Structure formats: C-alpha cells, structure tokens
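Q: Quick one: sequence plus predicted model below, questions after.
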Amino acid sequence: MTTTFTSTVLGSPRIGPHRELKRATESYWAGRIDADALQAVARDLRRQGLADLRDLGLDSVPVNTFSFYDQMLDTAVLLGALPDRVASVADPLDRYFAAARGTDTIAPLEMTKWFDTNYHYLVPEISPSTTFALDPSKVLSELAEALSDGIAARPVVIGPVTFLLLSKAVGTDEPLLSRLEELLPLYADLLGRLAKAGASWVQLDEPALVGDRTDEEIEAARAAYEQLSALSERPSILLASYFGSLREALPALASTDVEGFAVDLVAGQDSIGSVPELARKLVVAGVVDGRNIWRSDLDSALSTLGALLGSVDTLAVSTSCSLLHVPYTLDAEADVDKALRSWLAFGTEKVKEVVTLATALTQGRESVEDEFALARAAASTRKDDRRLNDASVRGRLAAVLNSATGRAPAAERRAAQDELLSLPPLPTTTIGSYPQTSKIRIARAALRTGEIDEAEYVNRMRAEVAEVVALQEKLDLDVLVHGEPERNDMVQYFAEQLDGFFATANGWVQSYGTRCVRPPILYGDVSRPKQMTVDWITYAQSLTDKPVKGMLTGPVTILAWSFVRDDQPLADSANQVALAIRDETVDLQAAGIGIIQVDEPALRELLPLRAEDQRAYLDWSVGAFRLATSGVADSTAIHTHLCYSEFGAVIGAIAGLDADVTSIEAARSHMEVLDDLSSVGFDLGVGPGVYDIHSPRVPSVDEIAESLREALKAVPVERLWVNPDCGLKTRGSVEVEASLRNLVEAAKLVRAEL
Ligand SMILES: CN1c2c(nc(N)[nH]c2=O)NC[C@@H]1CNc1ccc(C(=O)N[C@@H](CCC(=O)N[C@@H](CCC(=O)N[C@@H](CCC(=O)O)C(=O)O)C(=O)O)C(=O)O)cc1
Ligand SMILES: N[C@@H](CCS)C(=O)O
Ligand SMILES: [Zn+2]
C-alpha cells in the first residue's frame, strides 16, 4: 500500500450552501445564462467545497462527487452508456440534460429512488446495441482541479457491479451483470489514467451489494474486483458500501487484492473481525451517520473504533455514506433553540466529528476531550428533555391503541358513504395539488421576508382556492379539492404545525436534479396544538355543492421525508404522528367533510433493503395508517394516494391499508397495478392514474377512455375512480385544464357505454 489516510467522508452535498447550483442550472435551462456562466458557478462550488473539507482537517477528500444532475447519469456518460435517442444533441452538456429531463422530442431516462433514501437517480438504459466506451473527462478534470488546489483528492466512481445492477435492461431479458466483462476493461483503463493523473486512492462505490444478492451476483462481484485489483498501474482501491451490511459479500470481496473497504457501521453491522483478510487492509469505518442529523455519541463511536483496532492494522474514520443526504451546515439555521442545536450535526459538523474521532485515535482522546465532553453533555440534555417524553401524548396513544383501530367491513362502509355522497359511476377527481404558480411561491416568499402579513397571505391563498374550485366546477369534476396552494411541501407543511418537529429555514437536501426538499427534524413526542387544514377545506367546501376532499399526508410519508428520532423505534414515532393525523380527520369530519384523503406516496420508500426485515416494517406502517384513519365514522370515506413506486413488494400492504378508495400511479405501467391488486384480493375503490402528470403532454379523450375500458376489465364499475396519477403542482395551468377537460369527457363517454 502506498499512502494511507485517517479521516474522510464518502461524498458531500453539491447543490451549494444556498442552492447556487440549482439556481444557475435552472437559469441555464431558461436561457438566462450561458454554459460558461454555469460552469463557472459549478467550478467555484466544487473548489470551495473541497477546500472546506481539507480545512476542516480531512486527510483524504472525495472528488467527482459533484454532479450537474445525478451520479448514475454521470457514470452512464463515463461508460458511454447514454441512450441512442440523445445522440442527436450535439453539445455534451445539453445531451446530458436531454438524458436527464428529455426535450420536446426526446423522452428522459426514468428516475427512481436511490436505495431507501429520498434521493432519486436516473436509471441508465442498456440494450444489446449499447457499446460501452470510456469518457473519463469529468473525473480527470475534477481530479486535476483538486490536485492543483493542493487537495488530497480521492476520485469517487460508481463501481461496475452497482452500475449494472441499478440500470435497466432494454430489449433483452439477459441479466445486465452479463455485461460486466465488457465494462472491466474500461474500469481498468480508467484506473490507469487516474493513477497517471496523480490519484493514490480511488473509491469505487458498490452500495448495491448491501441488498439481498444471489451467490452468482456475489461471485461476479468478487471476480470483477479480483481482476481490477490484479492490475499493476492503478491507485489503491477503496471499495465503498453503504446503507447496510455486506454480509457474505464482505469475505468474498476481501479475498481479492483490493486495498481498502469502507463499511457502514451505522445502518450495517458487518463483523470486521470475523474476516481475517481485512486485517491487512485499510478499513474505513463509517461510524458517523451520513444520513441523519443527530450529533454522534463520540464515546460509543470511539469504542467501536477501538474494538476494530484489535482486528485491523489500518483504520480510518468516515461517515457511513455520502453527506449528500444532509444539509450543509447548522450555521445556516438561526432559529434553532439552544438545546436542540446542541443535539444536531449537519454536514460540516459531521466532518468535524470525523476529524475529532480520527484525532482521538491517533493522538489519544485527551487531545480532543473538550469535543467529547460537549457531545456527552448534549446526549445527556437530550435524554432528559421533557419534549421527548410527553406523558399526555404517550397516555393518549396507549389508550387509542388499546381500543380497536379497525373499521366496519368495507361493504358496510361503502353503503353508508354512497348514501351520503350520491356520486355517478366512474367518479372523477384529482389528487390534491393544482399548479404551484410563481404567484403562489412569490406570495410565500413575501410572507417570509415580511413584505406581506399573514392576513394578506391567507387572502391571496383563499383567492387561489376559489379559482381552483371554480375551475373544477367548470370542468364538471365530481369530487373537488382545494388545490393545496398554501403548502410549500406536503410533509414540511404539516411538520411546521406539529409539536415535536423542527422545520429548518435552509436545510435543503437534493431530491433529484435541481429539485430540493427541506426534511423537517422529528426530535420529540408529536402532538397537534391546533387544527391544521380545517379552515382551508371548509372554505373550499363553502364555495361548492360538490364534495371537497380533506387532504392530509399520512404518518409513513411524514416520517420517510423527515429526519427521524434515533432514540426510539420508528414504529413508535409513526404512531405518534398517526395520532395527530387522526385528530385532524376527526375535526374535518365534524366540520362536515365527507371524504378525507390521507396520502402515503412514500409507503414503498422505507421498505427495508433486506427481505427478512420487510414484514415487520409493513406491519407497523400499515398499522400507523390504520390508526390515523380509523377515528372517523363508517359514512366518512377514507381515500389514500400512492405514487413514486414499483408497488410489487408492498401490494399486500396496500390492501391492508383498508382505505375506501386508493388512487395509484398507473399511467405509465398500463394498468398492471390493477392485476397485481386483484391478485391480493383487493376489493376496495381504486383510481388507477389515467393521466401521466410527469409529462407536459395532454392526454387525448380517446386514450383516457381506452385506459378506462381496459381498467374495467380488471375492476367492477362500482369500484373504479377516474383521476390523474399524482398531484398537479409541478405542471402548467394551461396543460392541466386541457388534460382534465379530456379526463372528464372520457369518463362521460365510458359512462354512456355502461
Ligand atoms: C414528491 N416528492 C417529494 C419528496 N419529498 C418531499 N419532502 N416532498 C415531495 O414533494 N420526495 C419524493 C418526491 C420528490 N419530488 C420533488 C418534486 C419537486 C420538488 C421541488 O420542486 N422542490 C422545490 C422546493 C419546494 C419548496 O419547498 N418550496 C417552498 C420554497 C420555495 C423557494 O425556494 N422559494 C424561493 C423564493 C420563491 C420563488 O422565487 O419561487 C426562495 O425561498 O428562495 C415554497 O413553495 O414555499 C425546489 O425548488 O427544489 C422537490 C421534490
Ligand atoms: N396530495 C398530493 C399528493 C402528492 S404525492 C398532491 O396532490 O400533490
Ligand atoms: Zn403522488
């Protein structure tokens, strides 16, 4: 081994401390700045980001973790694996964005979630005609940039096994791993070039190996790394895994000549000591949680590291995964109370923890005793804080859980609801949000800066609600919504109103491309100090004789898109959130609202990566939804909505939710979801999306009608609803109106055929 290091992180955020990259990229797309100006913003962000990591004390700094959109897309470019349909775009940057977002004539790559995080990657398409070819320009130029700034740079590249396992095979049923032997020469070439360019280490990310993998897949990975590590001209290889344990893949990979292993010791529990080959390698111990925002328990991390020192010769300290998943720094939050602030660590603070632990390892704990003392004090105030143990919340929850949380049988409920609602067959509705126009966002920004007061803001949002209700009446939809103009985000909006959550001012985290979210911090016991949605919904209802749906976000989605407590099981937090949502459903019902939708788009997202852990998750998540929705009368219809998912693994759970009506993303999966639902005995109302809201295209009356006829083959008419496949907040007003007009007309057409 050439040189080694003691402290690092596996990757860092890239969107910019104040979302500079988002703004510059969107300006470039809009034609307001040119490519040079965009590149200049990107370069400044990269150089500043790397210099910060160095100045904080890391002695190995990851590079090539910057991206204009996504690291899987970057790897597709690196390996020459962009789909043929973007080849007509001459400029490389525009070709890259065409693959990411599509153009008027080019469909984009699909996007899906990155393991069990709230980050979404672009899925490379690999077909029999894909001819891989290396284009190392990005990683080489980012390495050169860093080295010229005197940074101890370690290029990071997604490994060949993960790249293939996460890509989509097009035009073949052959597993993509069979293409590994075509990729290995490219990786070999890359490693040679990186070595020549001055890299002493390269990090190859193989997170796909922490899931359930077949013996063949593990053997393919072992053989690949045996081949790569046998090369003479190359940097030392750090094989990085994260989001869980490698288990049987670890000894297999450790049997090769790979020099280093980065292991996640927060989400995973790999036993390093039981793999003798690791004794002679560098183990990069991911003891600082890269995905959550809690300050580390330094004593416990140091004792984990101390135990490892007994079985390995060289040890470095790291975060458990890239810091892509946490905000930049706590310094950007002015309004956190002192106690809560002391419990938290965002990106910069986590880097400091890594450095502190590495210093403790190399120079003794005394040299950083102050840091340890602060961490200990924070842990102690956190444990004793009354907000984390609210007797009234816990008492109420226990009482509700002890009473039944089931509802009457679905058929009885349907009869009671039909009588109250008297809807036509194939009722039409939408999922909740209407376009979030710049007028709406500007009003919200003006409220934040104090330019307008709360009363003026409410007036403007009520005007939006009135417009959306009038539009739906004009279009003749059957079940209306208020349009959600007052919501910045379907999770953050509720977190801002619930006790036990802290909503950050600047805690932005990349969700995909230039889109970001601010995950709220769930730190305490959850309760609802006052009604959250009743005024908005009853206002909308006052404007129409048609039913208006109450609109809430469910407990599982609220947790999935928040930073959650690590001091109690997630199931307990879910039940507390569920209780607050249940309170809101009861108030909506009392205010005369007859249909309440509780969205759970993230139900699939928290599904554990290993099959053996999934049952327990599905049990508590379904339980929390039922707790949230079983406080109302049989005559109140509970709707739910699911999207963003391959539903396969959770299809039984969807039936278990027992919602009277489930609207579900299906426009792109051609009703397959209905067959899947039938296969688990689902016999409740269902609205398979018949309008793909991820595209600006206006679906025609004929195609929607055809989808409905198709759906009627799988679902009896009395159970079928007609709706888009998700909310309309990201779409433009003109296309939304045209699409919904066609949707209503198609429903009427098919009704006439019944
Ligand atoms: C649906 N999804 C969601 C996920 N997670 C969530 N927490 N929420 C989700 O909706 N995960 C899975 C998917 C991911 N999809 C998306 C889709 C779209 C976005 C997105 O558009 N994000 C916006 C920010 C949204 C927001 O919070 N808006 C606020 C603040 C807006 C803002 O930045 N305002 C400006 C000033 C106003 C202006 O000029 O527009 C400012 O403050 O500087 C709001 O509306 O008030 C984004 O822009 O990235 C995310 C995930
Ligand atoms: N009610 C939300 C659900 C999105 S998944 C909306 O319509 O935007
Ligand atoms: Zn949705």
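A: That came in fine, so what should we check first? Numbers count the residues shown, from 1 in each chain. Ligands and ions are numbered 1, 2, ... in the order given.

Q: Report the spatially nearest residue to the residue of the stretch 301-450 of the chain found nearest ligand 3, omitting neighbours in sequence.
A: Of the residues in the stretch 301-450 of the chain, the one nearest ligand 3 is I431, at a distance of 5.8 Å by Cβ to the ion. To be clear about C-beta, it is placed using only N, CA and C from the backbone, and glycine gets the same treatment. Spatial nearest neighbour of I431, excluding adjacent residues (Cβ to Cβ, 6 or more residues apart in numbering): G727 at 4.5 Å.

Q: same question, L134
A: L186 (4.4 Å).

Q: what pLDDT does P555 get?
A: At P555, the model reports a pLDDT of 98.

Q: One more: A667?
A: Looking at A667, its pLDDT stands at 64.

Q: which bits of the stretch 301-450 of the chain sit near ligand 2?
A: The stretch 301-450 of the chain has residues I431, G432, S433 near ligand 2, with proximity defined as Cβ under 6 Å from any ligand atom.

Q: Was I right to think the first one contacts C726?
A: Yes. When contacts are counted by Cβ atoms under 8 Å, I431 is listed as touching C726 (5.5 Å).

Q: where do the contact lists of those two overlap?
A: Overlap of the contact sets of I431 and C726 (by Cβ atoms under 8 Å, 6 or more residues apart in numbering) consists of H641.

Q: The residue of the stretch 301-450 of the chain closest to ligand 3 falls within a helix, correct?
A: No. Applying DSSP: H, G, I helix; E, B strand; the rest coil, one finds I431 to be coil, outside a helix.

Q: for it, what are its contacts?
A: Contacts for I431 (Cβ under 8 Å, 6+ apart) come out as V481, Q597, D599, H641, S663, N723, P724, D725, C726, G727, L728.

Q: how much space between the residue nearest to I431 and D44?
A: Look at G727 and D44: by Cβ to Cβ, to the nearest Å, they are 36 Å apart.

Q: Name whatever forms a beta bridge with V548.
A: Beta-bridge pairing of V548 under DSSP bridges involves L480.

Q: burial count for it?
A: Burial measure for V548: 25 neighbouring residues, criterion other Cβ atoms under 10 Å.

Q: pLDDT score for it?
A: Note on V548: pLDDT of 98.

Q: Contact partners for it?
A: Shown in contact with V548 (Cβ under 8 Å, 6+ apart): V469, V479, L480, V481, H482, I537, A540, Q541, I593, I595.

Q: redo that, cut-off 10 Å
A: Taking Cβ atoms under 10 Å, 6 or more residues apart in numbering, we find V548 in contact with 465, 469, 472, 479-482, 536-542, 592-595.

Q: Would you list the buried entries among those?
A: Among the contacts of V548, those classed as buried by 16 or more other Cβ atoms under 10 Å are 465, 469, 472, 479-482, 536-541, 593-595.

Q: Tell me the one among these nearest to R615.
A: Set against R615, the nearest of the buried ones among the contacts of V548 by Cβ to Cβ is I595 (31.6 Å).

Q: tell me which parts of the stretch 351-500 of the chain are close to ligand 1?
A: Near ligand 1, when you scan the stretch 351-500 of the chain using Cβ under 6 Å from any ligand atom, you find R441, I442, R444, A445, N488, D489, M490, V491.
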